[in-house]
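Trainee: Quick one: sequence plus predicted model below, questions after.
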There are 2 protein chains.
Amino acid sequence: MKIAVLGYGVVGSGVVELMHKNPESINAKAGTDIEIKYILDIRDFDDSPFKNLFTKDFNVILNDPEIDVVVEVIGGLNPAYRFVKDSLLAGKSVVTSNKELVSVYGDELLQIAKDNNKNFLFEASVGGGIPIIRPINQCLAANEIESISGILNGTTNFILTKMVKEGYSFEDALKTAQQLGYAEANPAADIEGIDSCRKIAILASLAYGEHVNPDKVHTEGITEIKLEDIRHADKMGYAVKLLGTIRKNDDNTLFIMVAPFLVEKSIPLSGVEDVYNAILVEGDAVGISLFYGRGAGKLPTASAVVADVIDCAKHIKARKYLYWKSSDGSFIEDYKKMLCKRYVRFDGGVTCTDIRETFTDAQCTEEDGSLVFITSDMNEYDFDKALASLESKCASTAAAVIRVFSI
Amino acid sequence: MKIAVLGYGVVGSGVVELMHKNPESINAKAGTDIEIKYILDIRDFDDSPFKNLFTKDFNVILNDPEIDVVVEVIGGLNPAYRFVKDSLLAGKSVVTSNKELVSVYGDELLQIAKDNNKNFLFEASVGGGIPIIRPINQCLAANEIESISGILNGTTNFILTKMVKEGYSFEDALKTAQQLGYAEANPAADIEGIDSCRKIAILASLAYGEHVNPDKVHTEGITEIKLEDIRHADKMGYAVKLLGTIRKNDDNTLFIMVAPFLVEKSIPLSGVEDVYNAILVEGDAVGISLFYGRGAGKLPTASAVVADVIDCAKHIKARKYLYWKSSDGSFIEDYKKMLCKRYVRFDGGVTCTDIRETFTDAQCTEEDGSLVFITSDMNEYDFDKALASLESKCASTAAAVIRVFSI
């Protein structure tokens, strides 16, 4: 089986490296010899041991009937979308690590793959090297999925870990992440939650069989998270984590959002630190499962890509059943209707008595001149109204509000 | 597709329940309607809504050409082995949750399945509902697996959790586990590590492609674990866990054993409590992945069985590539050669000076009249010799020795 790798960046070079590191083992598992025939990149790699494989012309790959599988690891929508679509239409299977592509065009590309009896696989698009697409699609197939919640972005988790463990401010932690190469010069996609949003959208589409466009997912990042709130939370028995979260309602609508949450330390997600990712899946039969590992990085991501290539080799004639249909997103419920507890901090102007007059069940504690409390479960409309009434009564403004996660 | 369920015990009734709970969803994922045509059990279930499906005669199932898939959830070797073998030889695929069967006869049954172009699937045999067989076999296929270590038995983990959290003795914790139905009246298979041994043998066979018979796996249980050692360990930053563990050596031999270990609290296995299981897999590309969830119980286990049934339906003509070959086990290295640290307790007769004369790097602390210390990495021959020399010099005997886990 001959394949082409589109893009020789971090993941692409990892794929080529891995294919050459364990070839006997990989070929044995694939049941056939897998050969990289082309690597597409606009750059020159004259010193590479693979220099004879490079091409700058995608049409060479597209028009070569020997190419069974195209591995797209360029990232972004353009030109990845066109390359992937054309490859599938030309009767080639495609493996990708591109979460933006899958989250935006997954339904269309899966349909083309189905129509052409080819595979479109993307294990690496969520959770990097962590097996999560197959477990949800296959191993938990007998379950109705009731919720999925995950730490889906290693950069933000690294930043939050630095803040709680070493007392860094958000800004200093971000700078360290950039120095270590975990965060890019423009870190917006990570810290504003956009990367997590794409990944949770893919998991929702997969688990519920209808496409969830990322623009339907309410998304907040961690740029407003203050060290003092992380410390208060820690003392109260919570970690602060950026979560992508999906909850199925009884009427089969979904709540889905990306936001920072306080996570109780008894919940296994709370102990996930540094660049690690973890995804907690709740099924009606299996209960809670957790999948943990390296959510990014060259070889972990390449490991998931190569696993998909091996699966393509094993299913060169029989298609994998991986599919979701298009949707207008009307099954996604207004996130403000989701019940949850909230952590609130005031830096003065209110008393615990004031707070309990408005938020009856709030547990209120004073810490370093601030008052912090956790509300009972409320939807966001009721919470906003109650908070506004408290603020106006006391002529003071809440300094921080963070949702509290529950399973 | 028509199936037969052999055994209507805990798991079997769970399989039937689940198939009737989510049929539309299951049939959609399977791409065909799945019907339970027979349930085999020697008992009568006259009040069951499925009473018309029961039979006491396996030959009815074996000789019915309509039956594509046989689900074996009887457990034990006899008659399960004969039923499974005959079913595969008759050209039926088999799904089982039976770890004893797979660990002892897996190689033979996989070979018969291969020869007959049928599937023999057993996701439920390890980790209950936790997806682990497919992730190792498929998702991590691009990796050389360097180690696997897991909390594979929920009963023993429940007992150890009760001891550390609530100060129960081993005997009291076992009694509670029995009262709650987690441990059987004869708990030997759990507390002596036999159940964990079967599961780690299956994982080793799967990950390294050669059959590992459970009798080749050195196995110790938790019956000797004392509450005071759990407390000392806790203070020193460790949890005590019964682990099945496999380590690949550079010469491709394996260390494999089941034993209680001290697990540092920074290692994610340490936080796994109660009846939960977790399996930590280390691959050369992916690094560390962890799979966590309910390792036993009616519906979690049934969930894994039904997932395999769905996979059989999708692969009714194309076989799944799940296979390992027979082996004399000569690639399994003497476990006593494995380097590891050890926790040791003396209840008197020795001083920290004595200890450091024998175990140079030992960190020694005095606690409640006992001396506890942790050695450096040693193989078991060297450790036994050193300990014997210390004991004879001080005319005192170590009260406890527990291995310390490392990744």
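Mentor: Ah, there it is.
Trainee: what residues does the stretch 101-250 of chain A put near chain B?
Mentor: A:123, A:129-131, A:134-135, A:138-144 (CB under 8 Å from any CB of the partner chain). C-beta here means a position set from N, CA and C on the backbone, and glycine is covered the same way.
Trainee: and these as a markdown table, adding neighbour count, secondary structure and pLDDT?
Mentor: As requested, these are exported to a markdown table (neighbours: other CB atoms under 10 Å in any protein chain shown; DSSP: H, G, I helix; E, B strand; the rest coil; pLDDT from 0 to 100):
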| residue | neighbour count | secondary structure | pLDDT |
| --- | --- | --- | --- |
| A:E123 | 29 | helix | 96 |
| A:G129 | 31 | coil | 91 |
| A:I130 | 30 | coil | 94 |
| A:P131 | 27 | coil | 93 |
| A:R134 | 22 | helix | 91 |
| A:P135 | 26 | helix | 93 |
| A:Q138 | 22 | helix | 88 |
| A:C139 | 29 | helix | 87 |
| A:L140 | 26 | coil | 90 |
| A:A141 | 24 | coil | 88 |
| A:A142 | 29 | coil | 91 |
| A:N143 | 28 | coil | 93 |
| A:E144 | 16 | coil | 93 |
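Trainee: Name the nearest of these relative to A:D64.
Mentor: A:E123 (25.1 Å; CB to CB).
Trainee: shouldn't that closest one be in contact with A:D308?
Mentor: Yes. Taking contacts as CB atoms under 8 Å, A:E123 lies within contact range of A:D308: 5.2 Å.
Trainee: Spell out the secondary structure type for the residue lying closest to A:I267 once chain neighbours are set aside.
Mentor: Distance criterion CB to CB, 6 or more residues apart in numbering or on different chains; nearest residue to A:I267, sequence neighbours excluded, is A:I407 at 6.5 Å. Recorded secondary structure, A:I407: coil (DSSP: H, G, I helix; E, B strand; the rest coil).
Trainee: can you check A:K341 too?
Mentor: strand.
Trainee: Would you mind listing the residues in contact with the residue most central in space within chain A?
Mentor: In chain A, the centroid-proximal residue (CA atoms, centre = their mean) is A:K199; its distance is 3.2 Å. By CB atoms under 8 Å, 6 or more residues apart in numbering or on different chains, A:K199 lies in contact with A:K99, A:S103, A:S125, A:V126, A:G127, A:G150, A:L152, A:N153, A:G244.
Trainee: Tell me the pLDDT of it.
Mentor: Note on A:K199: pLDDT of 98.
Trainee: ok, now A:E184?
Mentor: 81.
Trainee: list the contacts for it?
Mentor: Contacts of A:E184 (CB under 8 Å, 6+ apart): A:Q178, A:D190.
Trainee: How much space separates it from A:T156?
Mentor: Going from A:E184 to A:T156 by CB to CB, to the nearest Å gives 13 Å.
Trainee: tell me the secondary structure for A:G244?
Mentor: strand.
Trainee: What's the separation between it and B:L53?
Mentor: Per CB to CB, A:G244 is found 43 Å from B:L53.
Trainee: between these two, which one's more packed in?
Mentor: A:G244 (29 against 18; other CB atoms under 10 Å in any protein chain shown).
Trainee: Name the residues linked to that one by a beta bridge.
Mentor: Note on A:G244: beta-bridge partners by DSSP bridges are A:G150, A:V258.
Trainee: Quick one: residues contacting A:V84.
Mentor: A:V70, A:E72, A:V94, A:T96, A:N98, A:L101, A:Y105, A:L109, A:F120.
Trainee: re the thing from before, out of the residues of the stretch 101-250 of chain A next to chain B, what pair is the most spread apart?
Mentor: Across these, no pair lies farther apart than A:G129 and A:E144, at 27.4 Å, counting by CB to CB.
Trainee: Between the contacts of A:K199, which sits nearest A:G293?
Mentor: A:G127 (7.1 Å).
Trainee: pLDDT score assigned to the closest one?
Mentor: 94.
Trainee: ok, how many other residues are close to the spatially closest residue to A:L299 that is not a sequence neighbour?
Mentor: Distances taken as CB to CB, 6+ apart place B:A285 nearest to A:L299, at 4.1 Å, with adjacent residues excluded. Number of residues near B:A285 (other CB under 10 Å) recorded here: 25.
Trainee: Check for me that B:A285 belongs to a strand.
Mentor: No. Applying three-state DSSP, one finds B:A285 to be coil, outside a strand.
Trainee: quick one on the thing from earlier: out of the residues of the stretch 101-250 of chain A next to chain B, flag the one nearest to B:R43.
Mentor: Once CB to CB is applied, the member of those that ends up nearest B:R43 is A:A142, at 25.1 Å.
Trainee: And the closest residue to the closest one other than its chain neighbours, how far from A:D284?
Mentor: Once flanking residues are discounted, A:A142 sits nearest to B:V306: 3.4 Å by CB to CB, 6+ apart. Counting by CB to CB, the gap from B:V306 to A:D284 is 12 Å.
Trainee: Mind pulling the model confidence for A:G31?
Mentor: Confidence score, pLDDT, at A:G31: 88.
Trainee: Oops, could you answer that again for A:K317 instead?
Mentor: 73.
Trainee: so how many other residues sit close to the closest residue to it other than its chain neighbours?
Mentor: In this structure, A:K317 finds its nearest non-sequential neighbour in B:A318, 7.6 Å apart by CB to CB, 6+ apart. Neighbourhood size, B:A318 [other CB under 10 Å]: 13.
Trainee: can you check the one 10 residues further on too?
Mentor: By the measure other CB under 10 Å, the count of residues near B:D328 is 10.
Trainee: before we move on, what about A:C340?
Mentor: Neighbours of A:C340 using other CB under 10 Å come to 22.
Trainee: Excluding chain neighbours, give the residue nearest to it in space.
Mentor: A:R403 (5.1 Å).
Trainee: which element follows the helix or strand hosting A:E171 toward the C-terminus?
Mentor: Using DSSP states H and E, A:E171 sits within helix A:170-179. Using DSSP H and E, the helix or strand that follows helix A:170-179 towards the C-terminus is helix A:188-191.
Trainee: Mind listing residues that contact that following helix?
Mentor: Counting by CB under 8 Å, 6+ apart, A:N153, A:T155, A:T156, A:I159, A:L174, A:A183, A:E184, A:I194, A:D195, A:G221, A:I222, A:T223 sit against helix A:188-191.
Trainee: now the helices for the stretch 151-300 of chain A?
Mentor: A:154-166, A:170-179, A:188-191, A:194-208, A:227-235, A:298-314 (DSSP state H, counting those that start in this stretch).
Trainee: quick one: A:N379 and chain B, what's the gap?
Mentor: To chain B, A:N379 is 29 Å away according to CB to the nearest CB, to the nearest Å.
Trainee: hang on, the earlier thing: name the nearest of the contacts of A:K199 relative to B:R294.
Mentor: A:G150 (18.7 Å).
Trainee: For chain B, see how far away that closest one is.
Mentor: When distance is defined by CB to the nearest CB, A:G150 is 13 Å away from chain B.
Trainee: OK, contacts around that residue?
Mentor: Neighbouring residues of A:G150 by CB under 8 Å, 6+ apart: A:G127, A:K199, A:I200, A:L203, A:L243, A:G244, A:T245, A:L269, A:N277, A:A278, A:I279, A:L280.
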